[in-house]
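# show me how the following folds:
(one chain, ligands or ions: 1)
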Amino acid sequence: KKKVSFTKEQQALMKVIIDAYNKHQIPQDVAKKLLQDKYSTEENFLLLTEMATSQVQVLVEFTKNIPGFLSLDREDQIALLKGSAVEAMFLRSAQALNKKMPIGHTEVLEERIRKSGISEEFIKPMFNFYKSIGELHMVLEEQALLTTITILTPDRPYVKDQPAVERLQETALDLLRKMCVLHHPQEPQYFARLLGRLTELRTLSHYHAEMLASWRVNDHKFTPLLCEIWDVQ
Ligand SMILES: CC(C)NC(=O)n1c(-c2ccccc2)cc2c1CN(S(=O)(=O)c1cccs1)CC2
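Residues are numbered from 1 along each chain as shown. I've put the predicted structure just below:
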């Protein structure tokens, strides 16, 4: 078993990130609604709208707890949130879908997502991504750190002080690297595999822009918060 030691700062950082991540789960009532009956496409779309809106609120709260984030330039904070919102949504979705659920719940959830007006060409890559995340069997610390690293991506559009963001991201990457050695000692490539998922996430977020366009064509309504964070309407 490989010896892994964390500095005092790293232990403090992990605790803050885990507390923040645990505090901000998707409200159970919203998730439960997905499992009630009423299967119409319209109803499924509305539920996803509600879940995605609630997740953006959760994301903003989580981000505020990332050590150093609130010390960044205010406009850069906004640029990082807007630049990572879709990727964070897909990451959270993958984690939600791969969570242990009562028998049959996952299937119902999948079915409602497939029948929510998303065209087939986006369903496939989306579910491939969910599956590829599920196969990693990430522990909570890895999930929370991967979300943190996604948010702290320096090269998002309109970020002015990229070095400041890079420094924060480096800290989270160092910690994630150690976490992977600790929790997956048999897989030396595990950390690299996790970062590979971030590349897949960027591809998905390009699909997302097209998904939005096709919904807009069919006059689907989004909430003001989603329109703001996605820069639509
Ligand atoms: C957990 C939350 C963040 N996930 C979520 O909202 N999902 C999920 C999903 C995946 C696994 C388990 C539970 C839900 C699939 C999809 C979305 C949202 N998007 S969206 O934001 O483009 C959208 C918003 C409005 C109309 S479409 C479409 C695809």
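# now do E120, the pLDDT please.
With respect to pLDDT, E120 has a value of 86.
# please read the previous query as pertaining to L226.
Per-residue pLDDT puts L226 at 95.
# same thing with the one 5 residues further on?
Among the per-residue scores, D231 shows a pLDDT of 87.
# that one: what's it in contact with?
K82 (C-beta atoms under 8 Å, 6 or more residues apart in numbering). All C-beta spots, glycine's among them, are computed from the backbone N, C-alpha and C.
# let me see the mean pLDDT of the longest helix anywhere in the chain.
Counting residues, the longest helix found in the chain (DSSP state H) is helix 190-217. On average, the pLDDT along helix 190-217 is 89.
# and stretch 175-184, by the same measure?
On average, stretch 175-184 scores 96.
# tell me the secondary structure at the spatially most central residue of the chain.
Centroid-nearest residue in the chain, with C-alpha atoms, centre = their mean: A88, separated by 2.5 Å. Following DSSP: H, G, I helix; E, B strand; the rest coil, A88 is assigned to helix.
# all helices for this protein, in order.
For the chain, applying DSSP H gives helices covering 8-23, 28-33, 41-64, 74-97, 105-114, 120-134, 140-151, 162-183, 190-217, 224-230.
# from the chain's centroid, how far away is stretch 76-87?
Between the centre of stretch 76-87 and the centre of its chain there are 12 Å (C-alpha atoms, centre = their mean, to the nearest Å).
# which residues are contacting that stretch?
The contact list for stretch 76-87, computed with C-beta under 8 Å, 6+ apart, reads 56, 59-60, 63, 69-70, 72, 150-153, 156-161, 164-165, 198, 201-202, 204-205, 208, 229-231.
# stretch 97-109 now?
Contacts of stretch 97-109 (C-beta under 8 Å, 6+ apart): L34, L35, E110, Y130, I133, G134.
# farthest-separated two in the residues you listed?
Distances among the contacts of stretch 97-109 were taken as C-beta to C-beta; the most separated pair is L35 and I133, at 21.1 Å.
# more neighbours: these two, which one.
Taking neighbours as other C-beta atoms under 10 Å, L35 and I133 compare with I133 leading, 23 against 14.
# burial measure for Y39, as a count.
Y39, neighbours per other C-beta under 10 Å, totals 11.
# before we move on, back to that, and the longest helix of the chain, what other elements does it pack with?
Using 3 or more C-beta pairs under 8 Å, 6 or more residues apart in numbering; DSSP states H and E as the contact test, the elements touching helix 190-217 are helix 74-97, helix 120-134, helix 140-151, helix 162-183.
# can you check what angle separates that helix from helix 41-64?
Put simply, helix 190-217 runs at 130 degrees to helix 41-64, going by axes from the mean of the first three to the mean of the last three C-alpha atoms, to 10 degrees.
# buried residues of helix 190-217, list them for me.
Y190, F191, L194, R197, L201, L204, S205, Y207, H208, M211, L212, W215 (16 or more other C-beta atoms under 10 Å).
# stretch 39-54 now?
N44, F45, L46, L47, L48, T49, E50, M51, A52, T53, S54.
# of all those, which comes closest to H220?
Distances from H220 to the buried residues of stretch 39-54, taken by C-beta to C-beta, are shortest for F45, at 6.2 Å.
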